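A.B. asks: Sequence first, then the predicted structure:
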Amino acid sequence: MLTALAINNYRSILNLVVPLGPLNVITGPNGTGKSNLYKALRLLAETAGGGVVNALAKEGGLHSTYWAGPEKVSKRMRTGEVPVQGGPLQEVKRLRLGFATDTYGYSISLGLPTPSRSQFKLDPEVKREVIWAGDFFRPAAMLVDRNGPMARLRQGREWEVISQHLPSFDSMFDQLSDPIAAPEIMHMRELIRGWRFYDHFRTDPDAPARLPQLGTRTPVLHHDGRDLAAALQTIREIGESEALDNAISDAFPGASINVCAQEDGRFSVEFYQHGLLRPLTGGELSDGTLRYLLLVAALLTPRPPSLMVLNEPETSLHPDLLPALARLIIQVSEKTQVWVVSHASRLIAALSESPDCHRIELDKVLGQTEVTGQSMFDEPAWHWPDKG
Ligand SMILES: Nc1ncnc2c1ncn2[C@@H]1O[C@H](COP(=O)(O)OP(=O)(O)O)[C@@H](O)[C@H]1O
Ligand SMILES: [Mg+2]
């Protein structure tokens, strides 16, 4: 389980360390940085997927994603006694992302490229990556230390250099994941790769989820939901079939679903509703109903990830469906750590009924994302390996 997420200099987030629980709900008014927090987590996930530099470039590079405010926001700037101003830079520009689990922590620092003849002048560079034991970084707890092109691994009391030629555009996860030589790197990479994000399901009239699709056993719903019917049938056969039925009837009393496999191997969903003489098929479902089915298929996966992230799951859902969705999320969060970004008050209220619900309410003060009500003492201990 992730116990903390730390972000430094990413968009509206100058400095944030948020404690995480089994069920985390990120809320706050528009423009306070919910999506930025989500994107930072996603970016962190890209490091293990082999594309952090690319992902950052797609977002406009380091220049655009870097915190646009002053390095330090003083007390007098906050009270308005002095205007917000930059002053000479004290520190090197670094975008830092990190997280802690019960056992290990990881952080990555990205910076501007050193001047060279390369045409890729805007490509950020991976400057430092560290894996440590325990819940926050201490020099003595370092297990793996990547500094520029060089990576070292701790072997008992000694450090062993395991690479001297890491490309600046690759994370160490891309290059060093020999399970025998560097089990810590491999372990961390697999952990991060297991995080599952659901951001935007397609429910438009041409959405693949509405059409019969060739199906194979599908323990993990595709992120756009194209294999919905196969995923639902997989839950029926090897997953929690009863929970599936309950989730449907909780939201639509008296309704049920059936997955139909045709001769040619195509699967489609049939939705039986009280009062109708025939079931509705994918193409006939309302956006909201289809989206609810997609969320159910995602959440009841027979292969639960260590972390499941749902970005604004309320989009186009009828508000009446939100309490049922919340009950399902709460149920899932008993086994999987869940992270929900939402501004739907009914969903937030229903999720808050769970004693495990950890609400992270964001606010923006002088352009900076802050956690409402979080004082220095609530903040998990955190140190960046490359920051004084
Ligand atoms: N590089 C940046 N530096 C500072 N603030 C930024 C930067 N990029 C975006 N922002 C701010 O982030 C805010 C958007 O945050 P976002 O996460 O989309 O909010 P929401 O909570 O609505 O999802 C905008 O108001 C914008 O001012
Ligand atoms: Mg947003």
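C.D. replies: It's in. Residues are numbered from 1 along each chain as shown. Ligands and ions are numbered 1, 2, ... in the order given.
A.B. asks: Just give the closest residue to the residue of the stretch 151-300 of the chain found nearest ligand 2, not the sequence neighbours.
C.D. replies: Going by CB to the ion, ligand 2 is nearest to Asp199 of the stretch 151-300 of the chain, at 10.9 Å. C-beta: built from backbone N, CA, C; applies to glycine. Of all residues not flanking Asp199 in the chain, Asn311 sits nearest, at 4.5 Å (CB to CB, 6 or more residues apart in numbering).
A.B. asks: Residue numbers of this structure in contact with ligand 1?
C.D. replies: With CB under 6 Å from any ligand atom as the criterion, the chain meets ligand 1 at residues 11-12, 28, 30-36, 65-69, 367.
A.B. asks: And those residues, which of them are buried?
C.D. replies: Arg11, Ser12, Gly28, Thr32, Gly33, Lys34, Ser35, Asn36, Thr65, Tyr66, Trp67 (16 or more other CB atoms under 10 Å).
A.B. asks: Out of those, which sit inside helices?
C.D. replies: Lys34, Ser35, Asn36, Thr65 (DSSP state H).
A.B. asks: Now tabulate these in a markdown table and tack on pLDDT.
C.D. replies: Converted to a markdown table, those look like this (pLDDT from 0 to 100):
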| residue | pLDDT |
| --- | --- |
| Lys34 | 97 |
| Ser35 | 96 |
| Asn36 | 97 |
| Thr65 | 92 |
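A.B. asks: The helix or strand where Trp339 lies near ligand 2 anywhere?
C.D. replies: If you go by DSSP states H and E, Trp339 is part of strand 337-341. No: Strand 337-341 lies out of reach of ligand 2 by CB under 5 Å from the ion, never closer than 7.3 Å.
A.B. asks: Pull out the buried residues from that strand.
C.D. replies: Using 16+ other CB under 10 Å as the test for burial, strand 337-341 gives Gln337, Val338, Trp339, Val340, Val341.
A.B. asks: Name the nearest of those relative to ligand 1.
C.D. replies: Closest approach to ligand 1 among the buried residues of strand 337-341 (CB to the nearest ligand atom): Val341, at 7.5 Å.
A.B. asks: tell me the domain ranges of this structure?
C.D. replies: If you go by automatic domain parsing, the domain ranges for the chain are 2-22+35-195+362-371, 215-303.
A.B. asks: Show the end-to-end separation of the last one, please.
C.D. replies: For domain 215-303, the first and last residues are 17 Å from each other (CA to CA, to the nearest Å).
A.B. asks: neighbouring strands for the strand holding Trp339, and are they parallel or not?
C.D. replies: strand 23-27 (parallel), strand 307-311 (parallel) (DSSP bridges).
A.B. asks: The last one close to ligand 2?
C.D. replies: Meaning strand 307-311. No: Strand 307-311 lies apart from ligand 2 when judged by CB under 5 Å from the ion; the minimum separation is 8.2 Å.
A.B. asks: Output that strand as PDB, nothing but the C-alphas.
C.D. replies: Provided in PDB are the C-alpha atoms of strand 307-311 (Å, rounded to 0.1, in the frame of the first residue of the first chain):
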ATOM      1  CA  LEU A 307      -3.600   0.600  -6.600                       C
ATOM      2  CA  MET A 308      -6.600   1.600  -8.600                       C
ATOM      3  CA  VAL A 309      -7.100   5.200  -9.700                       C
ATOM      4  CA  LEU A 310     -10.400   6.500 -10.900                       C
ATOM      5  CA  ASN A 311     -10.300  10.000 -12.300                       C
END
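A.B. asks: contacting residues around that strand?
C.D. replies: 2, 35, 38, 41-42, 194-200, 295, 298-299, 329, 332, 336-341 (CB atoms under 8 Å, 6 or more residues apart in numbering).
A.B. asks: How about the first one?
C.D. replies: Counting by CB under 8 Å, 6+ apart, the neighbours of strand 23-27 from elsewhere in the structure are 34, 37-38, 329-330, 333, 337-343, 348, 351-352, 354, 356-362.
A.B. asks: And the buried ones among the residues you listed, selectable in PyMOL?
C.D. replies: Selecting only the buried entries of the contacts of strand 23-27 in PyMOL, with 16+ other CB under 10 Å as the criterion:
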select buried, resi 34+37+38+329+330+333+337+338+339+340+341+342+348+351+352+354+357+358+359+360+361+362
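A.B. asks: quick revisit: need the pLDDT of the residue of the stretch 151-300 of the chain closest to ligand 2.
C.D. replies: Looking at Asp199, its pLDDT is 92.
A.B. asks: now Glu361
C.D. replies: On pLDDT, Glu361 comes in at 96.
A.B. asks: Looks like it contacts Gly28 (just checking).
C.D. replies: Yes: when contacts are counted by CB atoms under 8 Å, Glu361 is listed as touching Gly28 (5.4 Å).
A.B. asks: That's all I had, so thanks and see you.
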